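**Student:** mind folding the following:
(2 chains)
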Amino acid sequence: MDVASAFASALGLIAGLDPQFLQIVGLSLRVTLMAVLLAALIGVPLGAWLALSRFPGRPAVIVLVNALMGLPPVVAGLVVFLLLSRSGPLGGLGWLFTPTAMTIAQTLLVLPIVIALTRSTLEELWTEYREHLTSLGLSGARAVPTLIWDGRFALATGLLAGFGRASAEVGAVLIVGGNIAGHTRTMTTAIALETSKGDLPLALGLGIVLIALTLVINAAAFGASRIGARFAG
Amino acid sequence: MRDAASILPLTVEELTFEREGKRLLDRVTFTVKAGGVTAIIGPNGSGKSLTLRLCHGLMEPSAGSVRWGVGSGLMAGRKRHAMVFQRPVMLRRSARANLAHALAAVKAEGAGARVDLALRRFGLTELAERPARLLSGGEQQRLAIARAWSLQPEVLFLDEPSSQLDPGATRQIEEIIAGLAAEGMTIVMTTHDLGQARRLARRVIFLDRGRLIEDTDAAAFFAAPATREARAFIAGDLLW
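**Tutor:** Model (predicted):
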């Protein structure tokens, strides 16, 4: 099959809303959205705490979190695999090769981005607002809601970056999900598999959706920072 | 809504602040009674802003004390003394939301009405929905004063309220300060602008290198400063 006709078939899959195709896209979005949500729920409070607290070893923690932003997805996958494998500490849960395992692995990938960005955003705002907020009796944890609200556009950009990283990665979901058709097959693992099998239309169709998704994410991030700039002056 | 008990007089005793072995404020003692404008003046690095911050409770003194008529060290709403900073701190929200945030922070009653009142009182109604950080320097300072005023403080601390403003905006801020004083608010401000101190203040506290040199009636201070340091400062000489 030549590339041109593969493209035509791929567009056909997208336009025809092929059930197998939709199932893969749906699972990918579900897993990644859940991972970003979990990472936000865990990472924003942790980042806020890191921004406002002072303790020995804090610089080392900040460096570690920043370094983890570059954590290779296959390593994150390996860690979650070891945790969830039958002989691992959480093996009894039976989560290995399920979408739950994939969500956990992706949460690990997104978490450092959310913590690091929350930390830097809130710390910068705190430096600027500290005296005014302290004057109003808002210090420590009581300052956090104000800082999160005023940093909302930067934080949204961070979450979108996390979403981009998670939706594009293949290593972690492949290891802990197993790429089981109809169960744990995502856009990225399907592309890897179908390309090696020679089924170019499905791989290309999913690739087009992934690229479109990336475009949408970046447009949203651009929009968020533009709106944020209006308030930041 | 003000309690009957006044937080005044403010009694500052032997106030001392040291950082990294340097004594930035050295046994400063003064009292502030109700009413009028007190100007703390002095050259750069004399400890003017530091004195305000210590009085407002933003920093802890190394030695000495800041005492209020009732309670001690109670802030804003509760505290009933508010502070406006040299560079107005504008939250990344509209002018209206900046006012509402401060009132919510001190859990003020009738916040909505007080926001509208503050906007009107300081001529900010037209600008209410604009992002605060996009306002001009003078408008930002007006908003910062409106925000402090809306907390209904008994004492207002102003740190160099017009140092970053052009002459027109400076005049406007001075009119506002004079108006607040006329309404009975007690104002303690720092300024490096002697003309401003002369125009506004009833009393002058002159600091030099962390020490209180003169604490006197403003008219007397400008007519005939008692100390060599004050004479030199007014004459525009550097104090070394």
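
**Student:** tell me where the model's unsure across chain B.
**Tutor:** Counting by pLDDT under 70, chain B shows low-confidence ranges at B:1-4, B:71-79, B:237-240.

**Student:** one more pass at 80, please.
**Tutor:** Scanning chain B for pLDDT under 80 picks out B:1-5, B:70-79, B:236-240.

**Student:** list the contacts for B:Arg114?
**Tutor:** By C-beta atoms under 8 Å, 6 or more residues apart in numbering or on different chains, the contact set of B:Arg114 is B:99, B:103, B:108, B:150. Yep, even glycine has a C-beta here, placed from its N, CA and C like the rest.

**Student:** all strands for chain B, in order.
**Tutor:** All strands of chain B, identified by DSSP state E, fall at B:10-19, B:22-32, B:37-41, B:63-67, B:81-84, B:155-159, B:186-190, B:203-208, B:211-217.

**Student:** adding mean neighbour count and distance to chain A, write these out as TSV.
**Tutor:** What follows is the strands of chain B, written out as TSV (neighbours: other C-beta atoms under 10 Å in any protein chain shown; distance: least, C-beta to the nearest C-beta, whole Å):
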stretch	mean neighbour count	distance to chain A
strand B:10-19	17	16
strand B:22-32	17	17
strand B:37-41	26	17
strand B:63-67	15	15
strand B:81-84	26	5
strand B:155-159	25	9
strand B:186-190	25	14
strand B:203-208	24	20
strand B:211-217	17	24
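
**Student:** A:Leu27: which of the ones you listed is closest?
**Tutor:** strand B:81-84 (55.2 Å; C-beta to C-beta).

**Student:** partners of the closest one in the sheet?
**Tutor:** Strand B:81-84 has the following strand partners under DSSP bridges: strand B:155-159 (parallel).

**Student:** what residues does chain A have near chain B?
**Tutor:** Chain A comes close to chain B at residues A:128-129, A:131-138, A:146, A:149-150, A:228, A:230-233, as judged by C-beta under 8 Å from any C-beta of the partner chain.

**Student:** go through these and flag which are in helices.
**Tutor:** Using DSSP state H, the subset of the residues of chain A next to chain B located in helices is A:128-129, A:131-135, A:146, A:149-150, A:228, A:230-232.

**Student:** can the strands of chain B go into a markdown table with extra columns for distance to A:Trp95?
**Tutor:** Converted to a markdown table, those look like this (distance: least, C-beta to C-beta, whole Å):
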| stretch | distance to A:Trp95 |
| --- | --- |
| strand B:10-19 | 54 |
| strand B:22-32 | 59 |
| strand B:37-41 | 66 |
| strand B:63-67 | 59 |
| strand B:81-84 | 54 |
| strand B:155-159 | 58 |
| strand B:186-190 | 63 |
| strand B:203-208 | 67 |
| strand B:211-217 | 70 |
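
**Student:** so how far is the first residue of stretch B:209-221 from its last?
**Tutor:** 19 Å (C-alpha to C-alpha, to the nearest Å).

**Student:** centroid-wise, who is the farthest residue in chain A?
**Tutor:** A:Ser135 (37.4 Å; C-alpha atoms, centre = their mean).

**Student:** surely it and B:Met83 touch.
**Tutor:** Yes - judged on C-beta atoms under 8 Å, A:Ser135 makes contact with B:Met83 at a distance of 5.3 Å.

**Student:** give me the common contacts of the two.
**Tutor:** If you check A:Ser135 and B:Met83 against C-beta under 8 Å, 6+ apart, the residues they both contact are B:56, B:58.

**Student:** state the distance from the nearest residue to B:Leu8 once chain neighbours are set aside to B:Gly179.
**Tutor:** Sequence neighbours aside, B:Ala34 is the residue nearest to B:Leu8 in space, at 4.6 Å (criterion: C-beta to C-beta, 6 or more residues apart in numbering or on different chains). Counting by C-beta to C-beta, to the nearest Å, the separation of B:Ala34 from B:Gly179 is 17 Å.
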